[in-house]
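S.K.: predicted structure and sequence below. I'll ask about it afterward.
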Amino acid sequence: MFLKTITAAGAFALLGSTAMAGCGITAGNVSILSNDFPAIQAVTAAASACAGDGVTVETNLTKDHKDIMVAALTANPAQYSSVVVSNSTLVTLMNDGLVRPIDDLVAKHGAALNKSQLITANGKVMAVAFMANAQHLFTRTDVLAEAGVEGVPATYEDVLAAAEKVRAAGLMEYPVALNTKAGWNLAEEFVNMYMGTGADFFKAGTAEASVNNKNGVATLEMLKSLVAYSNPDYLTYDSNATQAEWEAGNLAMATMWGSRGGAVLDDEGSTAEVVAGTLLSAAPTWGNGARPASTLWWDGIGISTNISDEDAEATFIAMMNGITTEVVKANNDAAVWLVEGYTPSPASAGVSGTAAGGAAPYPMVPFMGALHTALGAEITDFLQGTESAQQALADVEAAYTAAAKEQGFLK
Amino acid sequence: MKNRTFFWFILPSLITMVLFIALPIVSVALQSLHIEHEAVMVEVENCGPFGCKQELQVDVEETAKLKKERPLGQFNGLGTYTNRNHLAFAEIGEAWQSSNGFADFISKALNLPFYRALAFTLTYTFVVTPLVLIFGFMIALGVNTLPKRIKGPTIFISLLPMIVTPLIGALILFWMIDANGVIGSTLQWIFDDPDLSLKASPTLTWIMLMVYGVWHSAPFAFIVFYAGLQTVPSDTMEAAMIDGASRWERTRYVVLPHLMPLTVFISLIQLMDNFRVLEPIISFSAQASATSLSWIIYNDLVGTESQFFGSAGATSVLTILGVAILLIPVLIRTWRDFKQKVV
């Protein structure tokens, strides 16, 4: 984090003189809170280039941004003038009114934006998306070919069949990995898989959970079949672990985040054989579901409510400077950019394919977070074989109901 | 010391304690009696890069009005304490009614998050605390007999597990016990089982966490006991030797009674510390197999997008009660000793 700030400051020192003219801000304080991965680093570094001459730009890139954002933005004036939000974090901030509608700023300074980049709630623009992300399939085509599997698996049933062949051929004992670390990651896998059934998580128009049904049971059973081909330590696997396993050449098929694609396909951390064999493709479908079993995510820019209008404007301009066509072109492979000037690449094929296949976005309802937490804690019992799928799902609903009552979403 | 002098002497610490210990606890307890306001929901159309959808959303203005009227939230009494994610009175009652036999009841109770966490927390506390005492004492006895030249380095090395930050120490062990790590693969080789994984089985995870707990805390007991050993009166020891007491007898009848107050002190600290076990669970990513009360609090506040302050408050108050119950026997003993000395 500290290093990032230094790097950003260094970048500014180098680019300062040219960038100042380009930003056109006269005064204001810009401070950005965001997650930490390459695409966001590029955006915040470019935004930092607006600093100087009465304008300050500070950045805090951290994986723990979720934990501090509400407190930091509740303060008046807010600690950060902008937060790089996603589907789920924007909802949390909107629940407390911590991000402001930015229609006026978009009208004034957002001429270069695509209409699809605007995140609107109830007709008001609440955020500007700049990249898309989704979990999708990574395949080692060379390993599958050696095991006699033809083509890339398009359904999770295909994945299971291919995994069995890889195992039977003695190539790998545990060819499959998902981000199945108990907690948020595992819950996200459930959400992805459940999305593939096309069913909803809540009874229409209410905050009542409805996952304890045949779709939920089928989802759990599919997850259990998949983890049977995963390393026994799968309940400790997060994105970093799966990426490391992939780069070490220990996996043949994995569901990983699109934002990892660039890092997997670069020439660092892995062998040429693994990189050459790796293919990114759309998230598989399963059962008789039509849509890919994944959730679409976007990352975008939200502007704090509790700051002065001048700072808000300066922040918006600086952030627009962070997502210009030049930035995107210079970092084309770091993400699936929603910005003009982006050329699709092998690293983005998975996310694009998942979106094109009709995957649904992660639900933007305010009580989804509570369900996600309940899922992360309660479904491990089923995967470990200590209780039935129905019991696990009943536990999920009960834990969710208690939590949602505490948050005032249910009576 | 005169009472008046004592009062002025203690006043600064008293003020700090009230400000930084008592008041926060009162605030936590107060918060635990409240839940958030009923969210005023409206159905709106949300649009983004992937299309539009009708979704429920919090009506910020209406909810803000409610919050302004009563900033603490809705009063919920002990509702949070008794709900399913805490003491779960209703669920426990139902499990009691519907279960066929005690074992069935226990397994139903352990399916509830609070009781599951309590089970691990108590097991951890009552396994780790005595082992820490025993190992600490044995290391102290051993080090005490070493020649002077190697004593210093030995003490330093013995203290290392305590010096390493718990989170980091646990993380290092987590990687070492990985199937590809040095301990993990050695164990696989010893037991001739390529599928042996310390992280996969709940039982092995429990054992691993407790081994870590002993490894981390034994140095604390060691250094306290070692300091105590330096104060064992040499004339008593010599008298015992002249009486023909063996080394074991001297340890049992002279050293141990002499160190009893220290044992009570270490037990007190360790019971408190172990009841609050958290770091190893985080570092070992062990939450699928083992959770503790502190972990529940952590999980309510960190890693989720919206924090559950009421729930975290309730678990905190329950943890404080738990620590108090655990310490009662030790405190009673200390109080008795104190009174004997006064008389």
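M.R.: Structure's in. What do you need? Numbering: from 1, shown residues only, chains lettered A, B, ... in the order given.

S.K.: burial count for residue 275?
M.R.: You didn't pick a chain, so chain A it is. Counted with other CB atoms under 10 Å in any protein chain shown, the neighbours of residue A:275 add up to 16. (C-beta placed from N, C-alpha, C; glycine too.)

S.K.: wait, chain B was what I had in mind.
M.R.: Counted with other CB under 10 Å, residue B:275 comes out at 22.

S.K.: my guess is it contacts residue B:126. True?
M.R.: No: counting by CB atoms under 8 Å, residue B:275 does not reach residue B:126; the two are 9.9 Å apart.

S.K.: in the stretch 201-343 of chain B, where is pLDDT below threshold?
M.R.: Within the stretch 201-343 of chain B, the stretches with pLDDT under 70 are B:303, B:342-343.

S.K.: what about 80?
M.R.: By pLDDT under 80, the low-scoring segments of the stretch 201-343 of chain B are B:303-306, B:341-343.

S.K.: residues from it in reach of chain A?
M.R.: Within the stretch 201-343 of chain B, the positions adjacent to chain A are B:202, B:284-289, B:299, B:301-308, B:310-311 by CB under 8 Å from any CB of the partner chain.

S.K.: 10 Å - rerun?
M.R.: Residues of the stretch 201-343 of chain B found near chain A (CB under 10 Å from any CB of the partner chain) are B:201-202, B:205, B:284-289, B:291, B:296, B:299-311, B:314.

S.K.: the stretch 201-343 of chain B: helices as residue ranges?
M.R.: Secondary structure of the stretch 201-343 of chain B by DSSP state H, counting those that start in this stretch: the helices cover B:202-229, B:234-242, B:247-250, B:256-275, B:279-283, B:293-301, B:309-342.

S.K.: figure out which of the ones you listed is closest to residue B:84.
M.R.: Checking the helices of the stretch 201-343 of chain B against residue B:84 by CB to CB gives helix B:309-342 as the closest, at 10.9 Å.

S.K.: what comes up buried for that closest one?
M.R.: Residues of helix B:309-342 classed as buried by neighbour count (16 or more other CB atoms under 10 Å in any protein chain shown): B:309-319, B:322-323, B:326-327.

S.K.: likewise stretch A:215-231?
M.R.: Residues A:215-220, A:222-223, A:226-227, A:229-231 are the ones in stretch A:215-231 that count as buried (16+ other CB under 10 Å).

S.K.: tabulate those (JSON lines), appending secondary structure, distance to chain B and pLDDT.
M.R.: Listed next are the buried residues of stretch A:215-231 as JSON lines, based on DSSP: H, G, I helix; E, B strand; the rest coil; distance: CB to the nearest CB, whole Å; pLDDT from 0 to 100:
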{"residue": "A:215", "secondary structure": "helix", "distance to chain B": "19", "pLDDT": "95"}
{"residue": "A:216", "secondary structure": "helix", "distance to chain B": "17", "pLDDT": "96"}
{"residue": "A:217", "secondary structure": "helix", "distance to chain B": "18", "pLDDT": "96"}
{"residue": "A:218", "secondary structure": "helix", "distance to chain B": "22", "pLDDT": "96"}
{"residue": "A:219", "secondary structure": "helix", "distance to chain B": "18", "pLDDT": "96"}
{"residue": "A:220", "secondary structure": "helix", "distance to chain B": "15", "pLDDT": "97"}
{"residue": "A:222", "secondary structure": "helix", "distance to chain B": "19", "pLDDT": "96"}
{"residue": "A:223", "secondary structure": "helix", "distance to chain B": "13", "pLDDT": "97"}
{"residue": "A:226", "secondary structure": "helix", "distance to chain B": "16", "pLDDT": "97"}
{"residue": "A:227", "secondary structure": "helix", "distance to chain B": "11", "pLDDT": "95"}
{"residue": "A:229", "secondary structure": "coil", "distance to chain B": "13", "pLDDT": "96"}
{"residue": "A:230", "secondary structure": "coil", "distance to chain B": "10", "pLDDT": "94"}
{"residue": "A:231", "secondary structure": "coil", "distance to chain B": "7", "pLDDT": "90"}
